[in-house]
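Have a look; sequence and predicted model below, questions after that.
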Amino acid sequence: MNATRKKIKKLEVMVADVIEETPDTTTLILFTGNDLLDYEPGHFLTIDPHQFVALERWTAFLEDKKGKKESPRAYSLSSSPDEKYLAITVKEEMYYPGKSKYPPLLSPILAKRTHKGSKMIVTGFTGPYTLPKNGPLPSEILHICAGSGIVPNYSILKYALKIYPDIKHTLVYSNQSWKNTIFGKQLIDLQMQFPDQLTVDFLFTREEPDRFNLPYQTGRITSERIERKLAKMDHPQIYLCGPGISKYEKISARKEGVAPAPRFLESVLFSLEGLGIEKKQITHESYG
């Protein structure tokens with residue numbers, strides 16, 4: 001058994017707080033009773049749906065339809081290792097007829113029906129979306145995120161800004177609107193606390209009313225926007241996280257004999273390739 005596997009263990013946690021970040025996204029503060037939690041910013045934990053009595057019939061139905069056992073779901077940690085609690089931030093997944101093969105099982109309960117004092121078993125911690133484990137750390141990081149893709153980057157930012165003050169961070173963060181922006185206020189606070197280390201660019205695909213007194217741009221993340229950022233940076237490491245093509249979209253497209261339409265992740269990766277960015281400069285993770 002390798003060193004990574006040794007770190008993966010089951011923990012019984014209690015929900016100490018429930019924080020609504022946006023209308024469809026909730027942060028669960030998890031108390032473990034252990035102040036020494038061994039994980040890295042960017043790691044995720046998993047939660048097995050079979051432990052929830054309220055989901056027994058729904059789980060059995062989906063397993064019958066799929067012909068296989070429902071697997072644990074992975075959720076990125078929004079807490080950082082220097083904090084004395086665990087936190088996951090869960091966006092409620094939706095069912096879209098013709099686009100989703102099955103309705104979501106676990107995220108609606110975690111995001112909408114979990115209360116303080118609830119207990120559950122989580123398994124953690126692992127994942128490749130972390131700061132480099134070997135070799136020197138980058139002097140600059142360009143974070144490119146959309147929607148709930150901000151969650152692991154938020155953990156990395158909170159930790160790195162305090163522990164590695166020599167790293168400069170630029171975050172380009174895309175959402176439909178301010179009300180859909182997870183950690184919007186917290187990111188502004190971080191930028192004010194670390195003005196020489198962090199720059200945040202909010203990008204909204206729907207124009208915001210003027211009453212929001214914050215800098216933002218409208219439109220999508222394009223090659224031109226990325227190129228302008230890269231021109232001001234010296235060989236940064238890029239952390240890219242957001243919606244990607246789901247396996248069901250790939251299967252559906254294959255049946256129709258067409259290529260699946262690119263989503264946020266694939267579009268940005270294509271832009272980075274066109275800008276001549278080497279693959280070793282990119283760390284990416286998809287949601288979808």
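Perfect, I can see it now. Residues are numbered from 1 along each chain as shown.

can you give me how far the longest helix seen in the chain is from the chain middle?
Across the chain, the longest stretch assigned as helix under DSSP state H is helix 150-163. Between the centre of helix 150-163 and the centre of its host chain there is 11 Å, according to CA atoms, centre = their mean, to the nearest Å.

Buried residues, it. List them.
The neighbour-count check on helix 150-163 (16 or more other CB atoms under 10 Å) flags Ile150, Val151, Pro152, Asn153, Tyr154, Ser155, Ile156, Leu157, Lys158, Tyr159, Ala160, Leu161 as buried. Where you see a C-beta, it was placed from the backbone N, CA and C, and this is true even at glycine.

And stretch 69-76, by the same measure?
Glu70, Pro72, Arg73, Tyr75, Ser76.

again, but for stretch 128-148
129-131, 138, 140-148.

same for whichever helix or strand comes after the longest helix of the chain, what does it pack against?
Remark: after helix 150-163, the chain's next helix or strand is strand 168-175, criterion DSSP states H and E. Contacts defined by 3 or more CB pairs under 8 Å, 6 or more residues apart in numbering; DSSP states H and E place strand 168-175 against strand 140-146, helix 150-163, strand 198-204, helix 223-231.

biggest strand in this protein by residues?
For the chain, the strand reaching the highest residue count under DSSP state E is reported as strand 9-22.

avg pLDDT for that strand?
Averaged across strand 9-22, pLDDT comes to 95.

coming back round to it: other residues contacting the longest helix of the chain?
41-44, 76-83, 88-89, 127, 129-131, 141, 143, 145, 167, 169, 171, 173, 182-183, 186-187, 190, 193-194, 197-198, 239, 241, 285 (CB atoms under 8 Å, 6 or more residues apart in numbering).
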